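Engineer: 3D, please:
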Amino acid sequence: MGDIGPRPPQLRPGRALAHTPGASGSGSPHRSDSRSPQTPRGVRRSDPDGRPGTTPPVPGRPTSLFLLLGLPALLFALITWQVVSAGPLLDADAAASRALAHPDRLSELLADLGNVPVAVPVLAVALGYATWRHRRTGTHHWWLPAASAALLMALVPVLVVPLKLLTDRPGTPVVPPATGYYPSGHTATAAIAYGAATLLLLPWLTSVFARRALLVTCAALNLGVGFGLVRRGYHWPLDVLASWCLGTVLLVSLWLFLSRNTAARTR
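Structural biologist: Alright, predicted model coming up:
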């Protein structure tokens, strides 16, 4: 019955302390321990890559770099070792070639997409367009992306020709007797020409559909070249696979360089 005037609310026995500080004085309602209301950033557990993350850990940059650079490089080294040492992997390669090699007109046309007179002009158009856009927007070092892609294209024969001489691999039964078929120069040319052109054009496409269409087109062209070379009998499957691995390493390196250069300009 007592006083009915205004006064601060009183604690009642048996009621949860929902609006009082935590038991240890954390200052946070609804908490019954001494933990802070939010884990400080510096106290977070790091993911396997050493960067602050969540639990379970999320992939970080070193993991991605290993997948994009390390795995193709390791696979390329493995294939090259098998070719040089005539390892057991070549038996599977020969069996796959016998199953896939059935020359026809379509396979020859697809293989021709890896010719220098076809692939390099596509890259040249992308070089010109990217240079024009960078210069038009007043980009610092506007010439650098195109020059980097052109240099990468020039590296293809520098890398491929010595490997052909080193491995001295004979061709398939379909082609005239000769050596120097590993790795596939046509596949490497197509991978760098179409891949570098894609990397140069992607930043200028604002539509998600256009970007995806460009990526799909690049992948389709390279898959078509590889399939055509194997189907026509111009190359063993491992010749094509090794060039894809080499091309992946080169293109990822170009992508990292262009990304770093773009990030430096936007700081």
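Engineer: most centrally placed residue in the protein?
Structural biologist: L68 (5.1 Å; Cα atoms, centre = their mean).
Engineer: On the three-state scheme, the nearest residue to that residue once chain neighbours are set aside is what?
Structural biologist: Spatial nearest neighbour of L68, excluding adjacent residues (Cβ to Cβ, 6 or more residues apart in numbering): V252 at 4.6 Å. In short, each C-beta sits where N, CA and C put it, glycine included. Using DSSP: H, G, I helix; E, B strand; the rest coil, the structure places V252 in helix.
Engineer: contacting residues around V252?
Structural biologist: 65, 68-69, 72 (Cβ atoms under 8 Å, 6 or more residues apart in numbering).
Engineer: Distance-wise, check it relative to V225.
Structural biologist: Distance from V252 to V225, counting by Cβ to Cβ, to the nearest Å: 19 Å.
Engineer: same question, A196
Structural biologist: Counting by Cβ to Cβ, the gap from A196 to V225 is 15 Å.
Engineer: so where do the helices sit in the stretch 101-250 of the chain?
Structural biologist: 105-112, 116-136, 144-167, 185-201, 208-232, 237-266 (DSSP state H, counting those that start in this stretch).
Engineer: ok, back up a step: for ChimeraX, what selects the buried ones among the contacts of V252?
Structural biologist: A single ChimeraX command selects the buried members of those (16 or more other Cβ atoms under 10 Å):
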select :68,72
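Engineer: In a markdown table, list the contacts of V252 along with pLDDT, distance to G114 and secondary structure.
Structural biologist: Below are the contacts of V252 laid out as a markdown table (pLDDT from 0 to 100; distance: Cβ to Cβ, whole Å; DSSP: H, G, I helix; E, B strand; the rest coil):
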| residue | pLDDT | distance to G114 | secondary structure |
| --- | --- | --- | --- |
| L65 | 72 | 28 | helix |
| L68 | 82 | 23 | helix |
| L69 | 88 | 23 | helix |
| P72 | 95 | 19 | helix |
